[in-house]
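A.B. asks: Generate coordinates for the sequence data below:
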Amino acid sequence: MGKIRLEPINDDNFYAVTKLKLAKEQKHFVASNSYSIIHAYLAMINGQKAYPFAILLDEKPIGFIMIGYDILAEKVKDNPKCNWFICDNYILWRLMIDKKYQGKGYAKEAMKLALDFVRTFPCGKAKYCWLSYEIENDVARNLYKSFGFKEVPDAYKEGGEMPAILEL
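C.D. replies: Next up, the predicted model:
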């Protein structure tokens with residue numbers, strides 16, 4: 001296995017990251033990288049914190065991961081069920097590995113690097129890192145569980161995504 005590292009999205013990797021693809025049966029699990037990068041930009045110009053990264057194998061982009069801070073807080077501030085883990089906490093907002101590179105442990109390496117980044121607390125201390133995934137995505141569930149993420153079923157809404165939290 002080559003060396004995995006995270007690199008902020010920039011002029012050198014943007015195009016390659018937007019061309020990465022999921023398998024057809026996975027497309028509904030995660031937004032496209034183009035959409036996600038635009039979403040990060042919109043968050044940033046609205047004063048939120050977003051960190052979109054290319055996942056590189058040696059120097060080749062093979063995936064995308066995005067971290068945020070306090071994302072969605074404005075939308076849930078009046079919902080006490082969700083507020084406790086969304087507000088003032090980090091979110092692992094997106095994660096994808098190109099279909100040609102799946103099943104080789106690269107997502108696990110990228111998760112480790114992303115959590116190392118979160119634990120530097122670039123936006124200040126937080127109690128949790130949270131994420132959500134499609135309920136039928138067992139690969140994601142097992143990956144996140146292996147890092148200690150715990151599902152929050154009381155915040156799950158039928159037809160939505162399952163939230164999970166990791167105490168930092």
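
A.B. asks: what's the neighbour count on Tyr101?
C.D. replies: In terms of burial, Tyr101 registers 18 neighbours under the definition other CB atoms under 10 Å. C-betas here are computed from N, CA, C, even on glycine.

A.B. asks: and it, what does it touch?
C.D. replies: In this structure, Tyr101 makes contact with Leu57, Ile62, Gly63, judged by CB atoms under 8 Å, 6 or more residues apart in numbering.

A.B. asks: check contacts around the nearest residue to Tyr128 once chain neighbours are set aside.
C.D. replies: If the residues on either side of it in the chain are set aside, Tyr128 comes closest to Asn89, at 4.3 Å by CB to CB, 6 or more residues apart in numbering. For Asn89, the contacting residues are Tyr69, Asp70, Ala126, Lys127, Tyr128, Cys129, Trp130, by CB under 8 Å, 6+ apart.

A.B. asks: Which of those residues are buried? Put it as a PyMOL command.
C.D. replies: In PyMOL, a selection of the buried entries from the contacts of Asn89 looks like this (16 or more other CB atoms under 10 Å):
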select buried, resi 69+70+126+128+129+130
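
A.B. asks: from the contacts of Asn89, which single one is nearest Glu109?
C.D. replies: Cys129 (17.0 Å; CB to CB).

A.B. asks: where in this protein is pLDDT low?
C.D. replies: Low-confidence segments of the chain, defined by pLDDT under 70, span residues 1, 72-84, 158.

A.B. asks: can you pull the contacts of Phe53?
C.D. replies: With CB under 8 Å, 6+ apart as the criterion, the residues that contact Phe53 are Leu6, Glu7, Pro8, Ile9, Phe64, Ile65, Met66, Ile67, Ala114.

A.B. asks: so of those residues, which ones are in strands?
C.D. replies: Secondary structure of these is defined by DSSP state E; positions in strands are Leu6, Glu7, Pro8, Phe64, Ile65, Met66, Ile67.

A.B. asks: Can you say which of those residues are buried?
C.D. replies: Neighbour counting over these (16+ other CB under 10 Å) leaves Leu6, Phe64, Ile65, Met66, Ile67 as the buried ones.

A.B. asks: farthest-separated two in those residues?
C.D. replies: Spatially, the most separated pair among these is Phe64 and Ile67, at 11.3 Å (CB to CB).

A.B. asks: Nothing else from me, thank you.
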